[in-house]
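Chemist: Kindly generate the corresponding structure for this input.
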Amino acid sequence: MNLKEALTFDDVLLVPKKSIVNSRKDISLKTRLSKNINLNIPIISANMDTVTESAMAISLAKMGGLGIIHRFSTIEQQVNEVLKVKRAENIIIEKPFTLLENSKLKDAKELIEENNVSGILIINNENKLQGIVTARDILFEDNYEKNISEIMTKRNKLITASLGISLEKAQEILHNNKLEKLPIVDENNYLHGLITSSDIFKIKQYPHSTKDNKGRLRVGAAIGVKEEDIKRAQTLLDAGADVLVLDIAHGHADIAINAIKRLKKEFNFELIAGNVATKEGTEDLISAGADAIKVGVGSGSICITRLVAGSGVPQLTAVLDCAEFADKYNIPIISDGGIRTSGDITKALAAGASTVMIGSLLAGTDESPGFVINKNGMKYKMTRGMAGVAANLSKKSLNGKINQEDVEDIVPEGIEAMVPYRGKASEVIKQLIGGLKSGLSYCGVDNLQDLKKNAEFIK
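Modeler: Prediction:
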């Protein structure tokens with residue numbers, strides 16, 4: 001047997017080169033997520049139930065990356081998380097929250113509280129604007145059966161805008177009239193959308209955020225390979241998901257290849273597939289129709305596939321091998337797992353990855369699902385591998401009751417762990433991005449494309 005030598009991030013360093021960078025501000029981190037989606041930073045958050053729901057996805061997209069909503073929930077719950085991201089920031093909210101004019105105060109109060117919005121537009125049965133109810137209007141109202149038309153600011157007192165209004169003009173109207181919301185109507189008073197002052201502020205505050213062509217934050221969502229995942233895919237795409245991730249632990253499998261072919265045949269969308277660790281796996285997923293390949297088997301910090309199954313490829317070699325093949329087809333590689341420092345990100349990108357997927361480093365942030373735990377004077381949050389016992393039981397519970405047989409069938413390839421509490425995700429990302437930019441400077445380049453061409457590794 002010819003044993004091949006393989007390396008991981010800790011086995012190598014990048015050789016320092018003459019720097020051409022005068023300032024970090026001159027460094028571009030623009031990259032590709034998939035065949036047709038670009039990012040401003042090469043970081044995506046892992047589709048783990050202790051890492052990415054809407055709060056994390058919003059934070060990542062604002063900074064120029066992307067979050068992948070996990071699939072360990074009902075379809076409705078996952079769709080709701082996608083919708084939260086798509087509603088978080090818009091040039092024009094095409095489907096603002098509305099109520100019919102015969103609704104009650106309790107309906108408005110419930111809608112405002114459930115969706116954390118400051119106002120609801122009131123319409124008639126023909127979708128014509130009748131007025132607006134804000135949180136201030138209902139603050140001291142205690143008759144929940146009161147008709148909403150008695151409380152709302154009526155149409156003749158509203159300032160509205162016409163279809164096609166520019167962002168600059170909308171900002172001017174909002175500012176001059178000290179408004180928070182500007183409904184968009186046509187000449188017949190049909191409601192077509194809403195522009196808010198908070199959305200305009202966010203656009204200016206985060207100029208490099210990842211957005212779709214309607215000005216909404218981009219978001220991804222994970223799916224599996226079972227029959228019900230076809231319905232899940234359809235529902236997620238209808239909700240506005242920009243990219244789907246077909247994600248199983250061993251992606252180089254007939255079940256994954258067949259699922260890719262079926263999904264790409266039925267829907268027109270961007271599909272990331274994985275996980276694989278070899279050229280052969282990359283080739284088969286690309287041939288099936290994948291728009292990006294997720295690379296990494298057993299490399300995650302809470303993954304024990306290498307202990308349980310004895311399988312895996314050290315991550316640097318896996319990325320080098322898969323990227324070499326994927327480049328021939330212009331398909332991006334995502335390095336998933338093993339990222340502990342900003343230096344690891346630089347190495348993964350230098351090896352040929354276009355982005356890196358991060359889990360544990362983000363699991364301890366405010367935006368990750370779960371609660372902060374105090375232990376011996378230190379703060380922690382929980383994280384768990386998606387092939388672990390608890391995660392597997394969580395998946396099975398979605399389909400009904402769990403019995404003893406279900407528990408006995410589980411062979412875990414992931415563990416549960418506590419990670420240090422790290423504060424805001426944006427602060428963690430800023431530190432990683434700062435280190436990555438320094439890494440590019442040491443490699444003598446000012447962009448990721450040149451990093452791949454010019455990087456030199458030393459053992």
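
Chemist: Looks to me like Gly343 is in a helix.
Modeler: Yes. Counting by DSSP: H, G, I helix; E, B strand; the rest coil, Gly343 is part of a helix.

Chemist: Distance-wise, check it relative to Leu29.
Modeler: 15 Å (C-beta to C-beta, to the nearest Å). The way it works is simple: take the backbone N, C-alpha and C, and place the C-beta from them, glycine included.

Chemist: List the buried residues for stretch 246-257?
Modeler: Using 16 or more other C-beta atoms under 10 Å as the test for burial, stretch 246-257 gives Leu246, Asp247, Ile248, Ala249, His250, Gly251, His252, Ala256, Ile257.

Chemist: Pull the most distant pair out of these.
Modeler: Pairwise distances across those (C-beta to C-beta) peak at 15.1 Å, for the pair Ala249 and Ile257.

Chemist: isn't Asp256 right up against Gly224?
Modeler: Small correction: residue 256 is Ala, not Asp. No. Between Ala256 and Gly224 there is no contact under C-beta atoms under 8 Å: 9.6 Å.

Chemist: Show only the entries of the buried residues of stretch 246-257 found in strands.
Modeler: Leu246, Asp247 (DSSP state E).

Chemist: Please convert the buried residues of stretch 246-257 to CSV, extending it with pLDDT and distance to Lys452.
Modeler: Converted to CSV, the buried residues of stretch 246-257 look like this (pLDDT from 0 to 100; distance: C-beta to C-beta, whole Å):
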residue, pLDDT, distance to Lys452
Leu246, 96, 25
Asp247, 88, 25
Ile248, 91, 28
Ala249, 88, 28
His250, 93, 27
Gly251, 96, 23
His252, 97, 24
Ala256, 97, 27
Ile257, 98, 28
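
Chemist: which one of the buried residues of stretch 246-257 sits closest to Met418?
Modeler: Checking the buried residues of stretch 246-257 against Met418 with C-beta to C-beta, the nearest one is Ala249 at 22.8 Å.

Chemist: My read is that the closest one contacts Asn275, right?
Modeler: Yes. Using C-beta under 8 Å, Ala249 makes contact with Asn275 at a distance of 6.6 Å.

Chemist: Residues that sit against both of the two, list them.
Modeler: Val297 (C-beta atoms under 8 Å, 6 or more residues apart in numbering).

Chemist: Low-confidence ranges, the stretch 251-400 of the chain, go.
Modeler: 300-306, 384-400 (pLDDT under 70).

Chemist: please redo it, this time with the cut-off set to 90
Modeler: Within the stretch 251-400 of the chain, the ranges that satisfy pLDDT under 90 run 298-312, 370-400.

Chemist: Show me where it has its helices.
Modeler: Taking DSSP state H, counting those that start in this stretch as the test, the helices found in the stretch 251-400 of the chain are 254-266, 279-288, 305-308, 315-326, 342-350, 360-363, 389-397.

Chemist: The fourth one to helix 342-350, inter-axis angle?
Modeler: Note on geometry: by axes from the mean of the first three to the mean of the last three C-alpha atoms, to 10 degrees, helix 315-326 and helix 342-350 are set 30 degrees apart in direction.

Chemist: Buried residues in helix 315-326, which are they?
Modeler: Using 16+ other C-beta under 10 Å as the test for burial, helix 315-326 gives Gln315, Leu316, Thr317, Ala318, Val319, Leu320, Asp321, Cys322, Ala323, Phe325, Ala326.

Chemist: Could you look up the SS state of Val85?
Modeler: Val85 ends up helix, using three-state DSSP.

Chemist: you'd agree it is up against Gly220?
Modeler: No. If you go by C-beta under 8 Å, Val85 and Gly220 don't touch, sitting 9.5 Å apart.

Chemist: what is in contact with those two at once?
Modeler: Listed as contacting both Val85 and Gly220 by C-beta under 8 Å, 6+ apart are Ala57, Gly67, Ile69.

Chemist: Next, format those as CSV and append neighbour count and pLDDT.
Modeler: CSV is the format used below for those (neighbours: other C-beta atoms under 10 Å; pLDDT from 0 to 100):
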residue, neighbour count, pLDDT
Ala57, 30, 98
Gly67, 32, 98
Ile69, 28, 98
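
Chemist: Looking at those, which one is closest to Ile195?
Modeler: Of all those, Ala57 has the smallest distance to Ile195: 22.7 Å, by C-beta to C-beta.

Chemist: Name the nearest residue to the closest one, ignoring sequence neighbours.
Modeler: Of all residues beyond its chain neighbours, the one nearest Ala57 is Gly67 (2.8 Å), with distances taken as C-beta to C-beta, 6 or more residues apart in numbering.

Chemist: three-state assignment of the one you found?
Modeler: Following three-state DSSP, we place Gly67 in the strand state.

Chemist: so what's the residue nearest the centre of the chain bridging to?
Modeler: Taking C-alpha atoms, centre = their mean, the centroid of the chain lies closest to Gly67, which sits 1.5 Å from it. Taking DSSP bridges as the rule, Gly67 bridges to Ser45.

Chemist: you'd agree it is up against Ile43?
Modeler: No. In this structure, Gly67 is not within contact of Ile43 by C-beta under 8 Å, at 9.8 Å.

Chemist: Find residues that contact each of those two.
Modeler: With C-beta under 8 Å, 6+ apart as the test, Gly67 and Ile43 both reach Leu60.

Chemist: Leu139: what's it in contact with?
Modeler: By C-beta under 8 Å, 6+ apart, Leu139 lies in contact with nothing.
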